[in-house]
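# how would this look folded up:
(one chain, ligands or ions: 1)
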Amino acid sequence: MPTELDPLERHPKAVGPGEQMRMHNSTCFGCGEQSPAGLRLKMFAGDDFFVTATMEVESRFEGGPGVIHGGILSTAFDDVMGMAPLLIGPSAVTVHLEVDYRRPIPIGSTLQFRADIMGRQRRKVYTEAIAHIGDPDDPVATAHAIFVTIRAREHFAAHVENSQLSDDDKRRLRAP
Ligand SMILES: CCCCCCCC/C=C\CCCCCCCC(=O)SCCNC(=O)CCNC(=O)[C@H](O)C(C)(C)COP(=O)(O)OP(=O)(O)OC[C@H]1O[C@@H](n2cnc3c(N)ncnc32)[C@H](O)[C@@H]1OP(=O)(O)O
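Numbers count the residues shown, from 1 in each chain. Got it, this is the predicted structure:
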């Protein structure tokens, strides 16, 4: 992470501490309620610059026998950390993601996440996160990511047509 960082300020329209974060996209595989086979992550804004989330480790997420698939866990980290930039400003997309897997995560457990913004420099937002199953001081996995802020309408304009969103929702997103 660079040493020269811009000051962090909570965005006036960000949801309040303790409130559920609004889905960035209802058909998102990570947090969307309309995603047919998604992770259904529930995210909450914390104080200052962090987000928390919970996820039930369902048997359909199995990788090794009886434990979560590593790719599913990295997807969850991506989505939880991806919500954190919304506390300070516009939408951002992942440009870099790294995960450290520390312990096997059993099917049937409830994973709890916390993602913190570590700093911002121009359009880059640096985040770190932990996942635990009861003891935050003994995380089962940790992650770091860099997000870059975007103008969402422009960024997705050429791709909205491929979305699972309803035609009405797509029309709304395309409206000026
Ligand atoms: C009409 C539609 C409306 C829709 C509304 C819906 C709202 C939804 C909103 C939001 C969704 C949030 C979703 C969160 C949860 C899921 C997160 C994901 O899974 S995201 C999917 C995977 N990620 C991508 O697909 C990115 C692909 N990459 C890109 O598109 C480009 O790289 C982009 C736009 C991110 C940047 O490209 P440039 O041309 O604009 O800018 P440049 O100059 O290249 O980079 C800007 C800065 O970032 C650094 N940078 C770029 N890539 C980097 C990297 N890999 N590592 C480190 N730094 C990097 C550069 O060095 C530069 O830094 P310096 O300001 O000069 O210091």
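# Tell me which stretches of the chain form strands.
Counting by DSSP state E, the chain has strands at residues 42-45, 50-56, 92-101, 110-121, 124-132, 141-149.
# Just give me the longest helix of the protein.
Selection of the longest helix in the chain by residue count, based on DSSP state H, yields helix 70-83.
# quick one, it and strand 110-121 angle?
Calculated by axes from the mean of the first three to the mean of the last three CA atoms, to 10 degrees, helix 70-83 forms an angle of 50 degrees with strand 110-121.
# and helix 70-83, is it in reach of the ligand?
Yes - applying CB under 6 Å from any ligand atom, one finds helix 70-83 in contact with the ligand at Asp78, Asp79, Gly82. Any C-beta I mention is one placed from the backbone N, CA and C, and that applies to glycine too.
# swap in stretch 90-102?
Yes - using CB under 6 Å from any ligand atom, stretch 90-102 reaches the ligand at Ser91, Val93, Thr94, Val95, His96.
# Would you mind giving the strands of the chain as JSON lines with mean neighbour count and distance to Glu62 added?
JSON lines is the format used below for the strands of the chain (neighbours: other CB atoms under 10 Å; distance: least, CB to CB, whole Å):
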{"stretch": "strand 42-45", "mean neighbour count": "20", "distance to Glu62": "21"}
{"stretch": "strand 50-56", "mean neighbour count": "20", "distance to Glu62": "13"}
{"stretch": "strand 92-101", "mean neighbour count": "15", "distance to Glu62": "15"}
{"stretch": "strand 110-121", "mean neighbour count": "19", "distance to Glu62": "14"}
{"stretch": "strand 124-132", "mean neighbour count": "23", "distance to Glu62": "17"}
{"stretch": "strand 141-149", "mean neighbour count": "20", "distance to Glu62": "16"}
